[in-house]
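**Student:** Please find the sequence and the predicted model below.
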Amino acid sequence: MSLVVQKFGGSSVADADSVKRVAKRIVEYRQAGHDVVVVVSAMGDSTDDLIDLAKEISPVPPARELDMLLTAGERISMAVLAMAIANLGYHAQSFTGSQAGVITDESFGKARIIDVTPGRIRSALDDGNVAIVAGFQGVSQTTKNITTLGRGGSDTTAVALAAALNADVCEIYSDVDGVFTADPRIVPSAHKISLISYEEMLEMAASGAKILMLRCVEYARRYGVPVHVRSSFSQHQGTWVTDAPIPEAFRTAQTEETEEKMEQAIISGVAHDRSEAKLTIVGVPDIPGKAAEIFRTVGHQEIDIDMIVQNISTRDPGRTDISFTLPKDDGVKAIEALESAKGSIGFDHIQYDDQIGKLSVIGAGMRSHPGVTATLFDALADAHINIDMISTSEIRISVVTNAELLDDAVRAAHTAYGLDADDTEAIVYGGTGR
């Protein structure tokens, strides 16, 4: 008997018929002899609706109360899914994040999981139940306040539970058939990736691919949890994210054929991100410690920094310009923090641009293949796309360009690396692809 953790996104449980379809799928796993733990997101657009409600009541709702409100969506999902499973003749018990033992820090809206103590989940399984857990939420270790994990938090809940329970596999269900070489809404010729390493998936998630969130993949790699990304609307094999062989209980003729035929592609995929902005601090004194002071100031606001570029000022050799990208949502907060420290840092002024887009090409094969960078720049040049910033890792090249040109850039790069499929493979069965 294998233990499976399954996560179903909002589009998979969007209405009563969808919930019944998901319940039937879960029962099929029970009938096959598997123990099943299910993590659910809020139904459809429930979370967005709750956020809109909060903003109608208060322009800046208290963070603690907003988190308390937002957890209601998942609690509805878990309860109705338990009812649907019971209607099929199987026993199910639902648990909130705190009841499931998801322990977090105190950061409302973007809490991080510190520990998972799934004693009640294990007991429910031992009693023959399907355990259903509300995703996206936990409880603070210090204050016992209810917290939420941020967008995509249900993915992280699922992988964290799979690690704590030593599950054989974590299946992430959404409304697309897996991870594709690019967003099929932009590149209709994108094809599904059958097998991808944790390292490549980490880079894709960090670069804007929305199918799996970054913290979810980090957790999976840290604890060696095999992740199977697939659609709840079809029976197709999805994308396996793992560095190890696919678990024996889940191997099929199709997975074995996939492993036999897999060759390390130079580029695995092309990701894009419209959620970032570029901030340039002009005229920073070019002396040791100033860059540290800038990023310490930003860091104290709990703002994540992505790409960084520093240039010597052409107007004043004793000064430098420092540019970096950050989430758009944190732009105002970063500017306010830096302006308050302007006297100490000694810079001239700040430039801010939120009309940018980031394009990234990812592939472990680029380690041993020269010319990958030139191929990208040639493709962008042929498409008349200018580059503002460049950043690289061992298996990733990222560039920033104008937001209006981002779709063209994605298509140009996808074609240049020979990733276009002969036929359209991607089907979005419902919702928004999450």
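**Tutor:** That came through fine. Residues are numbered from 1 along each chain as shown.
**Student:** For this structure, just list every one of the helices.
**Tutor:** With DSSP state H as the criterion, the chain has helices at 16-31, 46-57, 63-87, 119-126, 153-164, 198-206, 214-223, 253-261, 290-299, 331-340, 342-345, 372-382, 406-416.
**Student:** Return the most buried member of the ones you listed.
**Tutor:** helix 153-164 (a mean of 28; mean count of other CB atoms under 10 Å). (Each C-beta comes from the backbone N, C-alpha and C, glycine too.)
**Student:** Tell me if I'm right that Asp105 and Gln141 touch.
**Tutor:** Yes: at 6.9 Å, Asp105 counts as touching Gln141 under the criterion of CB atoms under 8 Å.
**Student:** Find residues that contact each of these two.
**Tutor:** Residues touching both Asp105 and Gln141 (CB atoms under 8 Å, 6 or more residues apart in numbering) are Ile114.
**Student:** least trustworthy helix or strand in this protein by mean pLDDT?
**Tutor:** In the chain, no helix or strand scores lower on mean pLDDT, DSSP states H and E than helix 253-261, which sits at a mean of 54.
**Student:** Worst mean pLDDT among the helices of the chain?
**Tutor:** Confidence, taken as mean pLDDT, is least for helix 253-261 of these (a mean of 54).
**Student:** who's in contact with Ala124?
**Tutor:** By CB under 8 Å, 6+ apart, Ala124 lies in contact with 93, 95, 131.
**Student:** neighbours around the first one, how many?
**Tutor:** It refers to Gln93. Around Gln93 there are 20 other residues, counting by other CB atoms under 10 Å.
**Student:** ditto for the last one
**Tutor:** Per other CB under 10 Å, the neighbour tally for Ala131 reads 27.
**Student:** For it, list each beta-bridge partner.
**Tutor:** Val37, Gln93 (DSSP bridges).
**Student:** surely it meets His91?
**Tutor:** No: the pair Ala131 / His91 is not scored as a contact, 10.2 Å apart, by CB under 8 Å.
**Student:** what's the domain layout of this protein?
**Tutor:** 3-262, 268-418 (the TED database).
**Student:** What are the neighbouring residues in contact with the closest residue in space to Ala249 that isn't next to it in sequence?
**Tutor:** Leaving aside its sequence neighbours, Ala249 sits nearest to Ser2 (CB to CB, 6 or more residues apart in numbering; 4.4 Å). When contacts are counted by CB under 8 Å, 6+ apart, Ser2 touches 33-35, 168-169, 247, 249-250.
**Student:** repeat for Tyr90
**Tutor:** 27, 30, 130.
**Student:** List just the nearest of the residues you listed to Ala79.
**Tutor:** Closest approach between these and Ala79, by CB to CB: Val130, at 13.2 Å.
**Student:** Quickly note the distance from that closest one to Val38.
**Tutor:** 6 Å (CB to CB, to the nearest Å).
**Student:** now swap in Lys210 and tell me
**Tutor:** Following CB to CB, the distance that separates Lys210 from Val38 is 22 Å.
**Student:** Neighbour count for the two, which is higher?
**Tutor:** Neighbours per residue (other CB under 10 Å) separate Lys210 from Val38, with Val38 holding more: 30 against 18.
**Student:** Skipping adjacent residues, who's closest to that one in space?
**Tutor:** Ile132 (4.7 Å).
**Student:** Same question for Arg222.
**Tutor:** Ala163 (7.7 Å).
**Student:** contacting residues around the one you found?
**Tutor:** Contacts of Ala163 by CB under 8 Å, 6+ apart are 116, 219-220, 222-223, 225.
**Student:** can I get those in TSV with distance to Leu202?
**Tutor:** TSV is the format used below for those (distance: CB to CB, whole Å):
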residue	distance to Leu202
Val116	21
Tyr219	11
Ala220	9
Arg222	11
Tyr223	14
Val225	13
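**Student:** tell me the two of those that are most distant?
**Tutor:** That would be Val116 and Ala220, which, of the contacts of Ala163, are the farthest apart (CB to CB) at 13.7 Å.
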